[in-house]
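Undergrad: Provide a 3D model corresponding to the input given below.
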Amino acid sequence: MGFPGTWMTESESVVYRVVPKCACSTIGQIMYYSDHGAFFDGDIHDATDGLHKWAREESQGLINANVKTHNSYAFTCVRNPYTRILSSFFDKICGIQRNGRRYRGNLVPLLIQKYGIEVGGDDGKEEFDQIKSFRRFLLFARDTIRWRRPMDPDIHWSAMSGHVGTFVANGGRYDNIFWTEQFNDGMQKVLDAIETPHKVSLKKIPRFNESEGHGPKRLHNVEDYFDDMSMHLVYEIFKRDFELFKYDFNDPSNKMPIGEIDLDEVHAKLGD
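TA: As a prediction, this is how the structure comes out:
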């Protein structure tokens with residue numbers, strides 16, 4: 001199995017387990033900058049050099065050896081499940097991707113046909129009932145995760161604990177898991193714990209939100225998208241995420257964590 005979704009600086013100063021929709025573009029650019037003193041020109045997900053990635057065959061041996069011996073500081077970043085699944089909907093389902101096409105080709109036509117969702121027309125700019133369509137998307141997301149129908153779950157809406165857990169189950173150990181909602185505090189702790197070829201000043205780092213502008217603007221407050229049934233579906237999909245990463249299931253309007261992440265608990269529960 002190895003360590004899918006794992007990135008490492010070329011200097012091996014730090015190891016990061018990517019969790020989609022959790023500031024991964026910004027984190028990747030910080031890692032790249034810390035080695036090279038400049039940002040990658042483009043979306044860091046497209047970088048094929050300058051940063052070790054498990055998806056690059058030539059990086060796998062180095063990442064495997066490092067993680068198995070816990071040679072470098074290892075971390076990841078998580079996000080409130082309510083805002084994460086909403087972001088996935090507006091970016092991946094309603095939005096036009098950076099290649100100028102819909103995400104995953106026939107996915108959106110399938111959702112329109114089978115689940116009756118709307119996405120704002122061909123360009124995502126027409127008005128539509130965002131709340132109704134999002135709730136229907138939630139049904140689809142639940143179906144993919146619970147029954148793998150009509151397709152396997154996508155990395156952007158599958159549970160964070162699944163992403164975080166592969167690193168643990170295959171022999172890795174985290175030194176830090178922090179929240180997107182307190183990004184600067186969490187990322188600073190990582191930077192304070194490692195030595196990098198180039199010093200990083202978080203105050204000067206732009207936010208690389210590569211999904212921003214892909215889809216229509218969210219028109220309502222987060223809590224307006226979640227009625228009792230939607231909350232039930234979210235809990236069914238993300239129960240472990242709420243529990244391990246200490247988010248408030250009972251109040252979709254509260255994006256902030258309500259407790260401290262217990263790394264021992266994470267390793268114990270995700271290590272099997």
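
Undergrad: show me where the stretch 51-200 of the chain has strands.
TA: Ranges of strands in the stretch 51-200 of the chain, per DSSP state E, counting those that start in this stretch, are 52-53, 73-78, 176-179.

Undergrad: For the last one, C-alpha coordinates in PDB please.
TA: Pointing back at strand 176-179 there. Extracted in PDB, the C-alpha atoms of strand 176-179 (Å, rounded to 0.1, in the frame of the first residue of the first chain):
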ATOM      1  CA  ASN A 176       1.200  17.200  14.500                       C
ATOM      2  CA  ILE A 177      -2.300  17.400  13.200                       C
ATOM      3  CA  PHE A 178      -3.700  20.900  13.000                       C
ATOM      4  CA  TRP A 179      -6.900  22.700  11.900                       C
END
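
Undergrad: Pull up the pairing partners for it, direction included.
TA: The pairing partners recorded for strand 176-179 under DSSP bridges are strand 73-78 (parallel).

Undergrad: one step back: would you convert the strands of the stretch 51-200 of the chain into CSV that also reports mean pLDDT and mean neighbour count?
TA: Where C-beta positions appear, they are placed from N, C-alpha and C, glycine not excepted. Below are the strands of the stretch 51-200 of the chain laid out as CSV (pLDDT from 0 to 100; neighbours: other Cβ atoms under 10 Å):
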stretch, mean pLDDT, mean neighbour count
strand 52-53, 98, 23
strand 73-78, 98, 23
strand 176-179, 98, 20
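
Undergrad: what's the closest of those to residue 196?
TA: Using Cβ to Cβ as the criterion, the shortest distance between residue 196 and the strands of the stretch 51-200 of the chain is 10.7 Å, found for strand 73-78.

Undergrad: And the contacts of that closest one?
TA: Contact partners of strand 73-78, identified using Cβ atoms under 8 Å, 6 or more residues apart in numbering, comprise 13-19, 22-24, 27, 67, 160, 163-164, 167, 172-180, 183, 186-187, 190, 193-194, 241, 245, 261.

Undergrad: For the residues you listed, which PyMOL command selects only the ones that are buried?
TA: Buried residues among the contacts of strand 73-78 (16 or more other Cβ atoms under 10 Å), as a PyMOL selection:
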select buried, resi 13+14+15+16+17+18+19+22+23+24+27+67+160+163+164+167+172+174+175+176+177+178+179+180+183+186+187+190+194+241+245+261
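
Undergrad: Okay, and which of the contacts of strand 73-78 map to helices?
TA: 24, 27, 67, 160, 163-164, 167, 183, 186-187, 190, 193, 241, 245 (DSSP state H).

Undergrad: Tell me which residues of stretch 227-245 come out buried.
TA: When burial is assessed from 16+ other Cβ under 10 Å, stretch 227-245 yields the following buried residues: 230, 231, 233, 234, 237, 238, 240, 241, 242, 244, 245.

Undergrad: With stretch 256-272 instead?
TA: 257, 261, 266, 267, 270.

Undergrad: quick one on the thing from earlier: got CSV for the strands of the stretch 51-200 of the chain, with distance to residue 60 too?
TA: Shown next, in CSV, are those (distance: least, Cβ to Cβ, whole Å):
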stretch, distance to residue 60
strand 52-53, 9
strand 73-78, 16
strand 176-179, 23
